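J.: Have a look at this fold, sequence not included:
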């Protein structure tokens with residue numbers, strides 16, 4: 001606020017005191033012909049803008065200056081739901097989880113202050129079990145995994161249609177098939193051939209029981225020298241553990 005003097009009439013020595021707000025001062029400063037000296041002595045132009053009124057000019061000069069209302073703060077947007085992945089263990093946004101199973105079930109807890117959210121996992125609606133009025137546990141049907149990387153995408157949408165998206169990768173490395181305790185060693189294969197068992201019969205035994213070693217070129221040469229045929233060597237290579 002500033003205190004200044006307003007002449008009653010250009011020719012009159014009588015002055016009056018008016019109180020102007022900062023907004024009013026800013027508005028008056030836009031009026032052509034407005035002047036304020038270092039002593040705060042004001043002189044007004046003969047014509048005022050329509051939105052500035054001089055009231056009771058002859059008795060008690062008063063300026064009525066409109067002031068724009070203060071801007072109201074914008075309403076804040078609702079927060080999106082929060083998602084926590086509880087299975088598979090170790091899953092997190094943009095992370096990688098290693099598994100050796102052929103399928104996986106995804107479990108998440110979604111929380112939202114506006115009500116129960118809706119969750120999809122890889123585009124499919126998830127089953128739910130409310131934990132509270134603002135938290136829900138969701139899970140998927142078993143998802144078949146291919147060897148290598150499998151991307152999982154989770155989306156949670158609130159009642160206010162604000163969504164949270166989360167994705168991670170499940171890396172599947174299938175377990176090696178357990179070795180057959182009756183699988184043959186290299187020495188057993190050579191022993192059968194040397195014992196006059198036909199190579200075709202040895203190939204059948206190898207196919208049904210497997211072998212306990214990973215053959216290299218020298219191993220195959222030894223088996224061929226003992227009487228092994230191409231069919232037997234093919235069977236050995238097909239059934240070799242990896």
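T.: It's in. Worth saying up front: this structure is predicted, and the values here are computed from it rather than measured.
J.: The helix or strand encompassing residue 149 - contacts with which helices or strands?
T.: Per DSSP states H and E: residue 149 is located in strand 148-157. With contacts taken as 3 or more Cβ pairs under 8 Å, 6 or more residues apart in numbering; DSSP states H and E, strand 148-157 sits against strand 82-87, strand 107-111, strand 118-121, strand 163-172. (Each C-beta comes from the backbone N, C-alpha and C, glycine too.)
J.: Between those strands, which one is closest to residue 190.
T.: strand 163-172 (38.0 Å; Cβ to Cβ).
J.: quick one, what contacts residue 235?
T.: 203, 206-207 (Cβ atoms under 8 Å, 6 or more residues apart in numbering).
J.: repeat for residue 88
T.: Contact partners of residue 88, counting by Cβ under 8 Å, 6+ apart, are 97, 99, 104, 106, 170.
J.: Going by neighbour count, which of the residues you listed comes out on top?
T.: Of all these, residue 106 has the most neighbours under the rule other Cβ atoms under 10 Å, reaching 24 neighbours.
J.: any idea how this structure splits into domains?
T.: Taking automatic domain parsing as the reference, the chain has its domains at 2-64, 82-172, 186-239.
J.: on that earlier part again, residues contacting the strand holding residue 149, please?
T.: 80-81, 83, 85, 91, 96, 104, 106, 108, 110, 112, 117-123, 143, 163-172.
J.: still on that earlier bit, ok, which of the helices and strands packed on strand 148-157 comes nearest residue 135?
T.: Residue 135 lies closest, by Cβ to Cβ, to one member of those: strand 107-111, at 4.6 Å.
J.: Adjacent strands (with direction) for that closest one?
T.: For strand 107-111, the pairing partners within the sheet under DSSP bridges are strand 82-87 (antiparallel), strand 135-139 (antiparallel).
J.: Also compute the angle for the last one relative to strand 148-157, please.
T.: Which is strand 135-139. 150 degrees (axes from the mean of the first three to the mean of the last three Cα atoms, to 10 degrees).
J.: Please apply the same query to the longest one.
T.: Taking the same axes, to 10 degrees, strand 82-87 and strand 148-157 form an angle of 140 degrees between their directions.
J.: Please point out which parts of strand 82-87 sit buried.
T.: Residues 82-83, 85 are the ones in strand 82-87 that count as buried (16 or more other Cβ atoms under 10 Å).
J.: Just confirm residue 231 is within a helix.
T.: Yes. Using DSSP: H, G, I helix; E, B strand; the rest coil, the assignment for residue 231 is a helix.
J.: what's the nearest residue to it if we skip its chain neighbours?
T.: Distances taken as Cβ to Cβ, 6 or more residues apart in numbering place residue 203 nearest to residue 231, at 5.2 Å, with adjacent residues excluded.
J.: one step back: ok, so of the contacts of residue 235, who is nearest residue 222?
T.: Minimum distance to residue 222 across those is 14.8 Å, recorded for residue 206 (Cβ to Cβ).
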